[in-house]
Structures are given as C-alpha cells and as structure tokens.
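Trainee: dropping the sequence and predicted coords here.
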Amino acid sequence: MKVLSGIQPTGRFHWGNYFGAIRQYIELQDNEQSFYFIADLHALTTVRDPKVLRQNIQDSALDLLALGLQPEKATLFRQSDVPEVAELTWLLMTITQMHLLEKCHAYKDKKARGLAADAGLFTYPVLMAADILMYDSNVVPVGVDQVQHIEVTRDLAQRFNSLYGDDCLVLPEAHVLDSSAKVPGTDGEKMSKSYGNTIPLFDTPKKIRKIINRIKTDSTPVEDPKTPEACAVFNLYRLFATPQQQDELAARYRAGGMGYGEAKTTLYEAAMAYFSESFEKRADLEQRPDDVEDILLQGAKQARQKARDVLERVRTACGLKSLPPEL
Ligand code: TYM
C-alpha cells in the first residue's frame, strides 16, 4: 500500500495540522511505503514573499522531522523538486470540468472572504490530484477539510481512466481519524491559519501559554458546573490525554468549583509534556541545516523515480510520445 500526503508551508504548523494529519503520517510510516511532501507550489497561491516562503519551507522540514518523520522509513521531499507534477497537472486539467472546481470549498471560501480568485487558486485541486496520482497512492491521510479534494481526485482519475484506459491511474482513499478530523482553534471554530485562531506546535513556551489563555470560553462562574464537551479547552485537552485523564478533567468540569483558567493550565502542561521530545529534536536539527537539505534532496530523488514511471505511463496512454531518456 502506498501512502501519500502533503502539507502547505504557509506559516508555522499548528495543533490542527498535527492531530489531523502529521500524527497519521508518523503512524503510517512504520508499515507502509510512504511519501510526504511540503506543498510549496500550493503555498504560492497565498505566500507571495519569496523570503517568507523559503523560511516556511525550511521550518516545515524541521517540524516534520522533529515530530517524528524518519527519512529511513518515509520519503520526505519538496513538491517543487518533482517538476513532473506540473506536467501531470496539465494533463489532468484538460479533462477537468469547470463545475467540479467551482464547488470546491477552498476556492468558494477564499472568494467569499474577498481574496483574489486567480487561476492558481481555482485549479488548486487539480494540482493536488496530480500530487496524489503521481505516485500511485492508495491512501491519503488528511484532516476532514481535505476530503472533498480527495473526492475530486477520484473523479478525475475515473474520468481519465474511462477516456484512456482502466489501469492508467490508481484511485486513492482518504484516511481520516475520527477523533481529530477537525481540531478546534482558540475561537472554537476549525483551527486554521486563515482564521487566525491557531496554536503553534513550536514557539516559546511563554507564547504558547499566552495563546492558550486566549481560548474563548463562556461566562459560567467558577463555582458553577460546566459542560466539558461544549468547551474548546476540554476538546483540545482530549487530544493529549488518556481516556482516564479525560474522565478526570470532565468530572471536575461537571462538579463546579473549577475555573476555565485552571483548565487552561492543565491543557498547557499536557501539551508541553506531549511535545517536549520534539522541542529538543527540533533544536538539534536547527543546528544541522545541511543534513536537513540532504534529506529533502534524497527524498526528491526517490520521489522523481516513481513520478517519471507514472508520467511515462500517462503520456503514452493519452497519445503523447514517450520521453527519450537523453532529452
Ligand atoms: P494544509 O496545509 O491546509 O493542512 C495540512 C493537513 O492538516 C490538516 N488540518 C487539520 N486537520 C484537523 N483539524 C484542523 N483544524 C486542521 N487544519 C489542517 C489538513 O486536513 C491537512 O491534512 N491541500 C492540502 C495540502 C496538499 C495535499 C496534497 C494533501 C497539497 N497536495 C496531496 C494531501 C495530498 C492543504 O492545504 O493542507
């Protein structure tokens, strides 16, 4: 089974990225052939400062490795280091019906928020389909917000196969963890960089503490009983805690006498303990940028090998000449 997923370097990774996706990458790397990439071509639809983009890409690689991605097990690379993906995007674009893209929520949402809807944003799901189909991926671990894009990928692969041959493209499945498919942000809505409600994975403890303190809670007085499931602090704590720890905190909510400030402290301590090893690993990796670059280049080399094979198959299927190796 081949596993593949991508993550955009549009800013610092947050708890939603980790519990919705990165944690799955790490779990799956042990048993499956896996490809994970930093989606820098996708990020170009929003990050327009080259310096910022370069920094974000570097931070993304450090974060993924610090969180436990192991290059001996999983192939880690930059999306733009595999130019074959741009060609596959075009080939897929020629069979993509406009209505399929018009209904995609990322485009619809961004447009609704007044962001310029350029062709890159509109055709974003086609590039994502190419990312997935490029490596014959079977399984795509993602948070729930990306499921629609995997459906589009399946639609495109089916249409392509019906035109050019059944065995041409492999149909992928989304892999979503129920417990963390949609991690809430500091306002209780989906945690997302574009909503400004994220809690970063790596920042100074002081900053993380400050952001946790900002999590929106209701105005129930300290002494009154509270409903844990209705509280973003509790819902975030669940991600870090064992079932027993969750029951204990839930009981304290229901009993009354505990303020939200105390719940926030419990959440902060749980999060810091959970990520403590990753903080150390990241500090170490930061000192070794050349090693990190080597990992990315080695990953790209492996990814390109697979990409070339698939592209060759696709080019031939749709009537293009196969590319001579000397070109
Ligand atoms: P991106 O960069 O927005 O997010 C990366 C991953 O994090 C998940 N995620 C969440 N999961 C649960 N709760 C949240 N609040 C939350 N916020 C983010 C996302 O679902 C995602 O899995 N288009 C993709 C990147 C991409 C890709 C691909 C993914 C490009 N090509 C091919 C898979 C396969 C994106 O924007 O993810």
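Mentor: That came in fine, so what should we check first? Numbers count the residues shown, from 1 in each chain.
Trainee: for the rest of this, base every contact and every neighbour count on C-alpha atoms.
Mentor: Will do.
Trainee: how close does residue 247 get to the ligand?
Mentor: Using C-alpha to the nearest ligand atom, to the nearest Å, we find residue 247 at a distance of 23 Å from the ligand.
Trainee: export the helix or strand harbouring that residue as PDB, just CAs?
Mentor: For residue 247, the host element (DSSP states H and E) is helix 243-255. Extracted as PDB, the C-alpha positions of helix 243-255 are listed here (Å, rounded to 0.1, in the frame of the first residue of the first chain):
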ATOM      1  CA  PRO A 243      -9.300   8.300  28.400                       C
ATOM      2  CA  GLN A 244      -8.800   8.300  32.200                       C
ATOM      3  CA  GLN A 245      -7.300  11.800  32.300                       C
ATOM      4  CA  GLN A 246     -10.100  13.000  30.100                       C
ATOM      5  CA  ASP A 247     -12.700  11.500  32.500                       C
ATOM      6  CA  GLU A 248     -10.900  13.100  35.500                       C
ATOM      7  CA  LEU A 249     -11.000  16.600  33.900                       C
ATOM      8  CA  ALA A 250     -14.600  16.100  32.700                       C
ATOM      9  CA  ALA A 251     -15.700  15.200  36.200                       C
ATOM     10  CA  ARG A 252     -14.100  18.400  37.500                       C
ATOM     11  CA  TYR A 253     -15.900  20.500  34.900                       C
ATOM     12  CA  ARG A 254     -19.200  18.900  35.900                       C
ATOM     13  CA  ALA A 255     -18.700  19.200  39.700                       C
END
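Trainee: helices or strands next to it in the packing?
Mentor: Under the contact criterion of 3 or more C-alpha pairs under 8 Å, 6 or more residues apart in numbering; DSSP states H and E, helix 243-255 touches helix 232-240.
Trainee: the helix it packs on and the ligand, any residue contact?
Mentor: No - judged by C-alpha under 6 Å from any ligand atom, helix 232-240 stays clear of the ligand, getting no closer than 10.7 Å.
Trainee: quick revisit: can you give me the buried ones in the helix holding residue 247?
Mentor: Neighbour counts over helix 243-255 (16 or more other C-alpha atoms under 10 Å) mark 246, 249-250, 252-253 as buried.
Trainee: reformat those as JSON lines; add pLDDT.
Mentor: Below are the buried residues of helix 243-255 laid out as JSON lines (pLDDT from 0 to 100):
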{"residue": "246", "pLDDT": "96"}
{"residue": "249", "pLDDT": "97"}
{"residue": "250", "pLDDT": "97"}
{"residue": "252", "pLDDT": "97"}
{"residue": "253", "pLDDT": "97"}
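Trainee: what's the closest of those to residue 144?
Mentor: Of all these, residue 144 sits closest to residue 246, with 23.2 Å by C-alpha to C-alpha.
Trainee: contact partners for the closest one?
Mentor: By C-alpha atoms under 8 Å, 6 or more residues apart in numbering, residue 246 lies in contact with 237-238.
Trainee: and the helix holding residue 247, how far from the chain's centre?
Mentor: Offset of helix 243-255 from its chain centre (C-alpha atoms, centre = their mean, to the nearest Å): 30 Å.
Trainee: could I get the buried residues of helix 243-255 as TSV with distance to residue 62?
Mentor: Compiled in TSV, these are given as follows (distance: C-alpha to C-alpha, whole Å):
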residue	distance to residue 62
246	31
249	33
250	35
252	38
253	37
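Trainee: list just the nearest of the residues you listed to the ligand.
Mentor: Nearest to the ligand among the buried residues of helix 243-255, counting by C-alpha to the nearest ligand atom, is residue 246 at 19.4 Å.
Trainee: need the residues that contact the helix-or-strand element of the chain with minimal mean pLDDT.
Mentor: Least confident helix or strand of the chain, by mean pLDDT, DSSP states H and E, is helix 105-112 with a mean of 82. Helix 105-112 is contacted by residues 101-102, 116-117, 121-122, 148 when judged by C-alpha under 8 Å, 6+ apart.
Trainee: again, only this time at 6 Å
Mentor: 117, 122 (C-alpha atoms under 6 Å, 6 or more residues apart in numbering).
Trainee: go on, stretch 5-16?
Mentor: Here stretch 5-16 makes contact (C-alpha under 6 Å, 6+ apart) with 36-39, 43, 56-57, 140, 183, 191, 199-201.
Trainee: rerun at 7 Å
Mentor: Applying C-alpha atoms under 7 Å, 6 or more residues apart in numbering, the external contacts of stretch 5-16 come out as 35-40, 42-43, 47, 56-57, 60, 140-141, 183, 191, 198-201.
Trainee: taking these one by one, which sit in strands?
Mentor: Using DSSP state E, the subset of the contacts of stretch 5-16 located in strands is 35-38, 140-141.
Trainee: and the ligand, which of those reach it?
Mentor: Residues of the ones in strands among the contacts of stretch 5-16 in contact with the ligand (C-alpha under 6 Å from any ligand atom): none.
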